[in-house]
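Chemist: can you look at this prediction? I've put the sequence above it.
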Amino acid sequence: MSGPLQIAGRTFTSRLILGTGGFPSLDLLAAAIDATKTEMVTVALRRVDAASRDGLVGVLDEAGVQVLPNTAGCFTARDAVLTAKLAREAFETDWVKLEVIGDERTLLPDAPELLVAAEELIDDGFTVLPYTNDDPILAKRLEDAGCAAVMPLGSPIGSGMGIRNPYNIALIVEQARVPVILDAGVGTASDAALAMELGCDAILTASAISRAEDPVAMATAIRLATEAGHAARHAGRIPRRLYAEPSTQHAGLPSFG
Amino acid sequence: MITLNGEPAEGGGATVEQLLARLDVPGRGVAVAVDAEVVPKSEWASHVVPEGAHVEVVTAVQGG
């Protein structure tokens, strides 16, 4: 089963989306994009300043990746909607990673504001990929509102705490008719593999790669883990059992008196 | 006076295009909001920024 990943009618060979935040240099970002083999990367919008000519857009163009603008830093639906509209103008894309944050300490989504912003942007023709809590009900509400994917967190942004509630991620996957993208919390390769084994369609990660000691090596590791987890999910794992199940037959066992 | 990216600035009565010429703006990947409304690129040359306006000029940065 399972052909390539499709989001809003667009086909992706890679199941890894890279956040560009946190890379110490554009050269490392370019090398990490290459190592992940990703086809889509997120960017944020900020006021122009002296560093604005540093060539981020050029690096992404060169890499040939689709730009997915985010609304990072927005605390209200109003700000997120306006930021998405600015991003549409700046990058000529109606795709948006919608983030509406409720709290600076945890950076957890503000669910009511998120839903309001998603509805407003969808009405305005946006392709909305919401960063959401690992809440199956909210994920369903976002899907019903017309979001092109749902992106539940594994744990808070940048925490590297992995998937704190695999049960909820599995519930979200089970009910979703749009792609489920595990967004936030991946700390290392095994977290990405677990997300895929739980049935997620893709992974979005930034810090796990950009803040690793060797970002390019971690980019490769997380790519391989994402592929391995996806393959394992569709290979059909054995059931978990309380007691051992011999893998060697009993019949024909010699008796030594 | 207007507020340009959070700082007081001259420029009431100027067009968006004239304001951008003053900033070191990248050639592309830029968007402008005047009083919380996006001004499309096609209107930069004609859109006059009123006195007292809040202008935000944004571009791409690295971000997750």
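Modeler: Noted; the coordinates are in hand.
Chemist: what's the helix or strand for A:D61?
Modeler: Secondary-structure element containing A:D61, defined by DSSP states H and E: helix A:56-63.
Chemist: and the contacts of that helix?
Modeler: Residues outside helix A:56-63 that contact it (Cβ atoms under 8 Å, 6 or more residues apart in numbering or on different chains) are A:20, A:26, A:29-30, A:33-34, A:41, A:43, A:67, B:26, B:28-29, B:60-62. (Each C-beta comes from the backbone N, C-alpha and C, glycine too.)
Chemist: strands of the stretch 151-257 of chain A, start to end?
Modeler: For the stretch 151-257 of chain A, strands defined by DSSP state E, counting those that start in this stretch occupy the ranges A:151-152, A:181-183, A:202-205.
Chemist: same list, the ones you listed, but as a markdown table with mean neighbour count, distance to chain B and mean pLDDT please.
Modeler: Rendered in a markdown table, the data for the strands of the stretch 151-257 of chain A read as follows (neighbours: other Cβ atoms under 10 Å in any protein chain shown; distance: least, Cβ to the nearest Cβ, whole Å; pLDDT from 0 to 100):
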| stretch | mean neighbour count | distance to chain B | mean pLDDT |
| --- | --- | --- | --- |
| strand A:151-152 | 28 | 11 | 98 |
| strand A:181-183 | 28 | 9 | 97 |
| strand A:202-205 | 28 | 8 | 98 |
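Chemist: what about these, which gets the closest to A:D134?
Modeler: strand A:151-152 (4.4 Å; Cβ to Cβ).
Chemist: circling back to that earlier point, tell me which of the contacts of helix A:56-63 fall in strands.
Modeler: Secondary structure from DSSP state E places A:41, A:43, A:67, B:60-62 of the contacts of helix A:56-63 in strands.
Chemist: could those go into a markdown table alongside pLDDT and neighbour count?
Modeler: Putting the ones in strands among the contacts of helix A:56-63 into a markdown table (pLDDT from 0 to 100; neighbours: other Cβ atoms under 10 Å in any protein chain shown) gives the following:
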| residue | pLDDT | neighbour count |
| --- | --- | --- |
| A:V41 | 97 | 26 |
| A:V43 | 96 | 27 |
| A:V67 | 95 | 21 |
| B:A60 | 91 | 26 |
| B:V61 | 91 | 20 |
| B:Q62 | 92 | 21 |
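Chemist: returning to that earlier point: buried residues, the helix holding A:D61. List them.
Modeler: A:56-60, A:63 (16 or more other Cβ atoms under 10 Å in any protein chain shown).
Chemist: using CSV, write out the CA atom coordinates for that helix.
Modeler: Coordinates of the C-alpha atoms in helix A:56-63 are reproduced here as CSV (Å, rounded to 0.1, in the frame of the first residue of the first chain):
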residue,chain,number,x,y,z
LEU,A,56,18.3,32.6,2.3
VAL,A,57,15.9,32.7,-0.6
GLY,A,58,18.8,32.1,-3.0
VAL,A,59,19.9,29.1,-1.1
LEU,A,60,16.4,27.6,-1.2
ASP,A,61,16.0,28.4,-4.9
GLU,A,62,19.3,26.7,-5.6
ALA,A,63,18.2,23.6,-3.7
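Chemist: the residue in the stretch 101-250 of chain A positioned nearest to chain B: neighbouring residues, count only.
Modeler: Each residue of the stretch 101-250 of chain A has a distance to chain B, by Cβ to the nearest Cβ, and the smallest belongs to A:A206, at 3.4 Å. The number of residues packed near A:A206 is 26, by other Cβ atoms under 10 Å in any protein chain shown.
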